[in-house]
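**Student:** requesting a structural model of the entry that follows:
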Amino acid sequence: MSNLLDVQRAALLSYLADADFDSDKINRLAALCDSIRRDVALPDRLALADALRRDGSTADTVRLHSVLFQLTGDLYHYERILHYFLLAGDHVDPALLHYTYWCLSRQLFLGTATGGKLADFVCCDLYRYYEAMVRLIARRWGLRPSRAPKKVGPIRRVALVTNQFTNDRHQPTRDCFDFASRLQDDFGLDVAIINTNTMPTWVENLFIPPMVAELVEEYEGVFAIRMMGRHVKVASFTQRRFTQDKMTAIVEAIDGYDPDLIVSFGGSNIAADLFAESDARPVMCIPTTSGLTISLAHVVLGFDEHDYTVGIADLYRAPFARRFRPFTFGYTLPPSDGVYNDPLLASAAFVFVVVGTRLDEEVTPEFLGVVDAILDHCPGAVVAFAGGVTALPKRLEALRHRDGIRCLGHVNDIRALYRLCHVFLNPARQGGGGGAAFALAEGVPVITHGWGDAASVCGPEFQVADRAAYIDRAVSLFSDPTERDRSASAARARFAEVGDRHRSVERLLAYGEDLRRRPIFGAVEN
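**Tutor:** Numbering: from 1, shown residues only. Modelled structure (predicted):
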């Protein structure tokens, strides 16, 4: 290995042997692993990982194997972590199971896994770990809600349970509020958002990298929240630690609200799944991302109409297939005053735009290479990056076409920005659905690979097969106004097809009524 790799190896060995950690040291180790993953070639990273396996002086299974995964992307290391906890059974603190699950899931969402294990890992290892964790929490903490009495008549009261609810700059929060307000205002139901804040907000072990989700301290208790010109009541729980007291308070609050239907907004929703596991109340899950959703809900809707369970191996498919129902997530356009002031963009002959809330992680060296290659063939064009970032601006300075790059930070009026743009470039990522949907609505063609949320929203018309096709498509839209006009029309038509949130809520309720008629719940007509 080179001198630099020797230095990195020594630093990693020191971190692995260290028994005295604080948050600063955790972050430094995570930053070191991230820089190695981004900047060091795979053969050298594999050799470095092999050296750590031979020489690493640590008994900390989680720390060692999470670091090795960062270096290699090999899911073997996550298998080791999951099996380590599963074998410990009732001897492990549920908070450790919970924190590790979320740290690991986030890395999968960010696309850091490599090799061919991912499909089976999620539907087998990760799903079974989650199922075992929920059952252990129910057993250890006595969280087995009693079955609610059978009710007469249609759905009148809905609890929309979410793992995180922050502000109107956070697209999942906007979507959660929109579903709740439409159920309330468009369909006349009694609706409450249950903001559990059960994504990690406290570091429980030395999983690398750590995960600490945003939590709004002011959102405590029961109150009415205003967003998008509407009001919905919220019950919010802001205790940072994942504890028996917190989960008991959440379960009791949901039970006390006495909903006819529990809607899990997003997967991995432990509070909702405790009710599903005990068959206490009918529970449905609305996925907030495409692909396989980890949920124990009685019915799990699709992010789109495609049956994602078809691609699951027969050995693991049954628990997903029997609960799946086709669905379209839908979108509601954010308000816009139609003005975005940026003289450079306004004067540019052509603007490509990249939008997201995780661009520091999602804009990889490979994607930056694509950006440079596109600008090689599009003289005078500008590429704008919109979204809060910290590390990305420095990385953009290394591009050959850095003078044609704009880093805008967070943009309040994304639709106004899109009206200055000509093409939306979607990096290879799981997310990006909301940004792509709003681009389509404004007639901005999208270029995306054939997987992830943006691909689901946009459909085959806007998907490309590989890097070369991606660049060719960008150059074609730049150089051919006729094709650009045709694609803009196709973009608007696609949004009209997939963006009807009112229809999505209507279908949600129809599925909910069907679920409530099952013998186990026994809802009957008046």
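**Student:** hmm, Gly221 is touching Lys233, no?
**Tutor:** No. In this structure Gly221 lies outside contact range of Lys233 using Cβ atoms under 8 Å: 10.9 Å. From N, CA and C alone the C-beta is placed, and that goes for glycine too.
**Student:** more crowded one of the two?
**Tutor:** Using other Cβ atoms under 10 Å, the more surrounded residue of Gly221 and Lys233 is Lys233, with 15 against 10.
**Student:** packing partners for the helix or strand encompassing the more buried one?
**Tutor:** Lys233 belongs to strand 230-236 when assigned by DSSP states H and E. When contacts are defined as 3 or more Cβ pairs under 8 Å, 6 or more residues apart in numbering; DSSP states H and E, strand 230-236 sits against helix 171-185, strand 190-195, strand 221-227.
**Student:** in TSV, list those along with mean pLDDT and distance to Glu362.
**Tutor:** Conversion of the helices and strands packed on strand 230-236 to TSV gives the following (pLDDT from 0 to 100; distance: least, Cβ to Cβ, whole Å):
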stretch	mean pLDDT	distance to Glu362
helix 171-185	96	14
strand 190-195	98	26
strand 221-227	95	26
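**Student:** out of these, which is closest to Ile405?
**Tutor:** helix 171-185 (24.0 Å; Cβ to Cβ).
**Student:** where does the protein dip in pLDDT?
**Tutor:** For the chain, the stretches flagged by pLDDT under 70 are 1-2, 56-57, 523-526.
**Student:** could you say which one of the helices and strands packed on strand 230-236 comes nearest to Phe438?
**Tutor:** Among the helices and strands packed on strand 230-236, the nearest to Phe438 by Cβ to Cβ is helix 171-185 (9.4 Å).
**Student:** give me the angle between that closest one and strand 230-236.
**Tutor:** 110 degrees (axes from the mean of the first three to the mean of the last three Cα atoms, to 10 degrees).
**Student:** chain center to helix 171-185: distance?
**Tutor:** With Cα atoms, centre = their mean, to the nearest Å as the basis, helix 171-185 stands 17 Å off its chain's centre.
**Student:** go on, stretch 400-417?
**Tutor:** Chain-centre distance of stretch 400-417: 23 Å, with Cα atoms, centre = their mean.
**Student:** likewise stretch 455-474?
**Tutor:** 21 Å.
**Student:** so what touches it?
**Tutor:** Contacts with stretch 455-474, where a contact means Cβ atoms under 8 Å, 6 or more residues apart in numbering, come from 290, 303-304, 306, 331, 352, 366, 370, 373-374, 377-378, 423, 425-426, 433, 436-437, 440, 445-450, 487, 490-491, 494, 497-498.
**Student:** same check, this time on stretch 40-51
**Tutor:** Counting by Cβ under 8 Å, 6+ apart, 1-2, 5, 8-9, 12, 36-37, 68, 71-72, 74 sit against stretch 40-51.
**Student:** just the ones of those in helices?
**Tutor:** 5, 8-9, 12, 36-37, 68, 71-72 (DSSP state H).
**Student:** just those residues now: which is nearest Leu215?
**Tutor:** Nearest to Leu215 out of the ones in helices among the contacts of stretch 40-51 is Arg37 (Cβ to Cβ; 27.7 Å).
**Student:** pretty sure that closest one contacts Val67?
**Tutor:** No. Counting by Cβ under 8 Å, Arg37 stays clear of Val67, with 10.5 Å between them.
**Student:** quick one, which of these two is more surrounded?
**Tutor:** Comparing Arg37 with Val67 by other Cβ under 10 Å, the one with more neighbours is Val67, at 28 against 17.
**Student:** which residues sit in contact with the closest residue to the more buried one other than its chain neighbours?
**Tutor:** Counting by Cβ to Cβ, 6 or more residues apart in numbering, the nearest residue to Val67 once its immediate chain neighbours are dropped is Ile208, at 5.2 Å. Ile208 makes contact with 26, 29-30, 33, 63, 66-67, 70, according to Cβ under 8 Å, 6+ apart.
**Student:** if you set the cut-off to 7 Å instead, what comes out?
**Tutor:** By Cβ atoms under 7 Å, 6 or more residues apart in numbering, Ile208 lies in contact with 29-30, 33, 63, 66-67, 70.
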